[in-house]
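Enquirer: All I have is the shape, not the residue letters:
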Ligand SMILES: [Zn+2]
């Protein structure tokens, strides 16, 4: 099945690879104070992002995957599609953020957390700030161009109107292993062609 940018529209068509979670209401019991408390931890959502990254790897894309979480539910998923869309801005996080206003009905993404397998670049970190993402949780740090505090600090830059809370290094080894395996395969294939 061929994909184009139309596939990024939400709600996604069944089988398009972009799916909304049906919801996990039984896992969100009310606490004593009447607030709904998610039982799922950060690892759960990062594993969902890793599955998105695998989709990218399977399609020959640099394996970065991301999910958006609101009130404990995954409301959108995305993965890197730069090659497919021939678009340098088609990073997992940026496409995720672009899809969210259609889901929540606002460009202000208050209370939404993004889980992504690699530290966001300056472009994606900037989009997170501008769209008021509450928190970004990333896997692998990117010493060369990570913009959530490693090479640059776009998410915490004092001049910005909004600061995105950052948690880095979650399931870092798993995220890094997938990344390194992808580039090893690319190198091996290039060598075989010579
Ligand atoms: Zn990016």
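Expert: Ah, there it is. For clarity, every value in this text was computed on a predicted model and none was experimentally measured.
Enquirer: in this protein, which residue is closest to the centre?
Expert: In the chain, the residue lying closest to the centroid (C-alpha atoms, centre = their mean) is residue 66, at 1.8 Å.
Enquirer: residues in this protein within reach of the ion, list them.
Expert: 91, 121, 123-124 (C-beta under 5 Å from the ion). Any C-beta I mention is one placed from the backbone N, CA and C, and that applies to glycine too.
Enquirer: picking up where we left off before, quickly note the distance from the residue nearest to the centre of the chain to residue 192.
Expert: Relative to residue 192, residue 66 is positioned 32 Å away (C-beta to C-beta, to the nearest Å).
Enquirer: what stretches of the protein score poorly on pLDDT?
Expert: For the chain, the stretches flagged by pLDDT under 70 are 1-32, 34-39.
Enquirer: ranges for the strands of this structure?
Expert: 65-70, 73-79, 112-118, 135-140, 165-168 (DSSP state E).
Enquirer: Return the angle between stretch directions for the third one and strand 73-79.
Expert: Which is strand 112-118. Put simply, strand 112-118 runs at 40 degrees to strand 73-79, going by axes from the mean of the first three to the mean of the last three C-alpha atoms, to 10 degrees.
Enquirer: if you compare the strands of the chain, which one is most tucked away?
Expert: strand 112-118 (a mean of 28; mean count of other C-beta atoms under 10 Å).
Enquirer: That one packs against which elements?
Expert: helix 42-58, strand 65-70, helix 92-104, strand 135-140, helix 172-193 (3 or more C-beta pairs under 8 Å, 6 or more residues apart in numbering; DSSP states H and E).
Enquirer: Would you mark the buried spots in the first one?
Expert: What that stands for is helix 42-58. 44-46, 48-50, 52-57 (16 or more other C-beta atoms under 10 Å).
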